[in-house]
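Student: fold the following.
(2 chains)
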Amino acid sequence: GAVVSQHPSWVICKSGTSVKIECRSLDFQATTMFWYRQFPKQSLMLMATSNEGSKATYEQGVEKDKFLINHASLTLSTLTVTSAHPEDSSFYICSASGGADEQYFGPGTRLTVT
Amino acid sequence: AQRVTQPEKLLSVFKGAPVELKCNYSYSGSPELFWYVQYSRQRLQLLLRHISRESIKGFTADLNKGETSFHLKKPFAQEEDSAMYYCALDPFGGATNKLIFGTGTLLAVQP
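Tutor: The predicted structure is shown next:
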């Protein structure tokens, strides 16, 4: 099946700094990528949808200036958490879709803000 | 509001016993429903979706619009079925892949 990778798998950063998370589709072209966050013992919550070459669409309640999403190519999307705070600590998961097909999930990135 | 409810956080059964993982949704339109599975130390992956009406690894799920349910069933559980199971809904009928997830049920199959 199709493979989606995320880098890094875990990151620790200091409060006030920014951190970038990469999501790559390794063997297919992802026209759409999705970013989710998951707090401990809670469900995955969709943050935003990004289509290659266009601005991301954010879900209600998600600050677009804080969570910058770039989908510059058909195989790469990045999520940058700007001015991170401890409450941003979470598990961030991306998924990618090549169209109306199944979406494939990455392994996730655990962010800890100290 | 659109919502997916999985009432059981943990379901423990013995090998060979029947399994039913419950999923209820609240949505007034015609959603597409999915079941995703996450095995230990692995990523989330699609198990089955309503529209395909397939049986995957012995699991089936029937959409009951009257009860707004999409319960996942398997007649005889196997130890390798132990995993986290998430029910999900696409309110756009599967057209957008924008998913709303339930909180998940951890299935533990005892030997």
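Student: what strand or helix carries the nearest residue to A:F34 once chain neighbours are set aside?
Tutor: Spatial nearest neighbour of A:F34, chain neighbours left out: A:S95 (4.6 Å); criterion: Cβ to Cβ, 6 or more residues apart in numbering or on different chains. Every residue, glycine included, has its C-beta placed from N, CA and C. If you go by DSSP states H and E, A:S95 is part of strand A:90-97.
Student: give the pairing partners of that strand; include direction for each.
Tutor: strand A:32-38 (antiparallel), strand A:103-105 (antiparallel), strand A:109-113 (antiparallel) (DSSP bridges).
Student: can you list contacts of the first one?
Tutor: To tie it back to what came earlier, the one meant is strand A:32-38. A:23, A:25, A:44-52, A:67, A:69, A:71, A:77, A:79, A:90-97, A:99, A:103, A:108, B:97-99 (Cβ atoms under 8 Å, 6 or more residues apart in numbering or on different chains).
Student: which residues sit in contact with A:Q29?
Tutor: A:74-75, A:98.
Student: which of the contacts of strand A:32-38 fall in helices?
Tutor: Among the contacts of strand A:32-38, no member is found in helices (DSSP state H).
Student: can you flag the buried ones in these?
Tutor: A:23, A:25, A:44-50, A:52, A:67, A:69, A:71, A:77, A:79, A:90-97, A:103, A:108, B:97-99 (16 or more other Cβ atoms under 10 Å in any protein chain shown).
Student: identify the bridge partners of A:V4.
Tutor: A:S25.
Student: now do it, the pLDDT please.
Tutor: According to the prediction, A:V4 has pLDDT 95.
Student: so it versus A:I93, what's the distance?
Tutor: Relative to A:I93, A:V4 is positioned 10 Å away (Cβ to Cβ, to the nearest Å).
Student: list residues touching both of those two?
Tutor: By Cβ under 8 Å, 6+ apart, the residues touching both A:V4 and A:I93 are A:105-106.
Student: burial of B:T68, as a residue count?
Tutor: 16 (other Cβ atoms under 10 Å in any protein chain shown).
Student: got the contact list for residue 39?
Tutor: Going with chain A. A:F39 neighbours (Cβ under 8 Å, 6+ apart): A:90-91.
Student: meant chain B, my bad for not saying
Tutor: By Cβ under 8 Å, 6+ apart, the neighbours of B:Y39 are B:82-83.
Student: what does the one 4 residues further on give?
Tutor: With contact taken as Cβ under 8 Å, 6+ apart, B:R43 is in contact with A:4, A:105-108.
Student: look up the closest residue to A:A84, ignoring the ones flanking it.
Tutor: Per Cβ to Cβ, 6+ apart, closest to A:A84 is A:V113, 4.5 Å.
Student: that neighbour against A:T82, yeah?
Tutor: No - taking Cβ atoms under 8 Å as the definition, A:V113 is not a contact partner of A:T82, at 11.7 Å.
Student: who has more neighbours, these two?
Tutor: Each of A:V113 and A:T82 has its neighbours counted (other Cβ under 10 Å); A:V113 has more, 20 against 15.
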